[in-house]
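Novice: Take a look and give me a structure for this.
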Amino acid sequence: MLATVLQTAGSTYAKPGEHMLIAPSGEYAGLLSGGCLEGDLRERAVGVRTTGLATIVSYDMRSSDDQLFGLGSGCEGAMDILLTRVGPQENWEPLGSLARAYRAELPAVTAFVTESDDPSVPLGWHALEMPAASPMLANGQELAPWSIALRAAMRAATTVTRRQASATWFQHEQPRLRALLVPLQLPPRLLVAGAGPDTRPVVELAAFLAWRVSVVDHRAAYADPARFALGAEVIELRPEELASRMQLDRFDAAVIMSHHLDADRTYLAALAGTRVPYIGLLGPPSRRARLLRDIGSAADLLATRLRAPVGLDLGGRAPESIALAIIAEIHAALAERDARPYARDLDAP
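Specialist: Predicted coordinates for the structure are as follows:
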């Protein structure tokens, strides 16, 4: 069973478009409330699993005593959640197609119907759109002619960049149909230039977040996949080969940390001419100034993208602490947040 957040109000853990998958055993993957609602959703999912009929479950926990549902969560939020069955009877759709798109890093959008006057398009009916797929997949069948507007909206949603992707609503009249368009959230791609000992915790943390990580180094002893987290791409190449052997514009962030001045200079110059939105450079300001002077006019291309010294000021000098500071800054930058505390003054509203 797939639980999909449709809409929220107040303070909620999850936002529209986020999912939780519930197995017949009751085990689940993903969190919608941080543990407040999952047990109740698990019970409600039993009926959906048995009948195959989708349902919308509504929770409102904004009451101070939370007596309405008796969950005692204190979350102070409300949400509507769509429960649908996605098992063998449904050919594992849309999960099967979404998994293939995720592995291939292809954009995809799923539409989940929440209201419909057309009996052939019931609650929970879904359609999947990928740019390479034609016709659009809809529960294994081609859509009817009225779906042209829906397909256009879904195709438009696949063109939004991964960092801006969020769920949106689609509405159609005659017949009336309302659907939530949920884009597939693809993982950030991180390039780490340098494979020394202090890069290992950076790669470990990024891999823990399910980011796609590529590590490059010109030193064979360092460019060893066995030294890094499972799934990390490790490539031995000379710094001057970076632009020719790597598709640099596909990365969302890059961190230069080879501790080798000539190598870092070459990496920095190569990345300056790309569209990589975040470029981090390890080392003190004096080293940054020297490298920028050395690459000449290319330094002007880095004005709004270079973070040097890389990382947030979290304190700590251990490689693991530095890695946490680096990954935290990248996470905030890609989410377009300023990484400030949620509350500085407990007495403030």
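
Novice: for the closest residue to Ala232 other than its chain neighbours, helix, strand, or coil?
Specialist: Excluding the flanking residues, the one nearest Ala232 by CB to CB, 6 or more residues apart in numbering is Val213, at 4.6 Å. Every residue, glycine included, has its C-beta placed from N, CA and C. Using DSSP: H, G, I helix; E, B strand; the rest coil, the structure places Val213 in strand.

Novice: Asp313 is in contact with Ala325, isn't it?
Specialist: Yes. If you go by CB atoms under 8 Å, Asp313 and Ala325 touch, sitting 7.4 Å apart.

Novice: Kindly check the end-to-end length of stretch 165-179 for me.
Specialist: In stretch 165-179, first residue to last residue: 16 Å (CA to CA, to the nearest Å).

Novice: and what of stretch 233-241?
Specialist: Span of stretch 233-241 from end to end, CA to CA: 16 Å.

Novice: For it, buried residues please.
Specialist: Across stretch 233-241, burial judged by 16 or more other CB atoms under 10 Å covers 234, 236, 239.

Novice: So which of the residues you listed belong to strands?
Specialist: Counted as lying in strands by DSSP state E, out of the buried residues of stretch 233-241, are 234, 236.

Novice: export the buried residues of stretch 233-241 to a markdown table and tack on distance to Arg275?
Specialist: Formatted as a markdown table, these follow (distance: CB to CB, whole Å):
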| residue | distance to Arg275 |
| --- | --- |
| Val234 | 24 |
| Glu236 | 25 |
| Pro239 | 20 |
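
Novice: Closest one of the buried residues of stretch 233-241 to Arg49?
Specialist: Distance to Arg49 across the buried residues of stretch 233-241 (CB to CB) is lowest for Val234, with 42.3 Å.

Novice: Now for the residue nearest to that closest one when sequence neighbours are not counted, how many residues are close by?
Specialist: Nearest residue to Val234, sequence neighbours excluded (CB to CB, 6+ apart): Pro225, at 4.3 Å. For Pro225, the neighbour count with other CB atoms under 10 Å is 14.

Novice: can you list the domains in this structure?
Specialist: 2-85, 95-183, 189-334 (automatic domain parsing).
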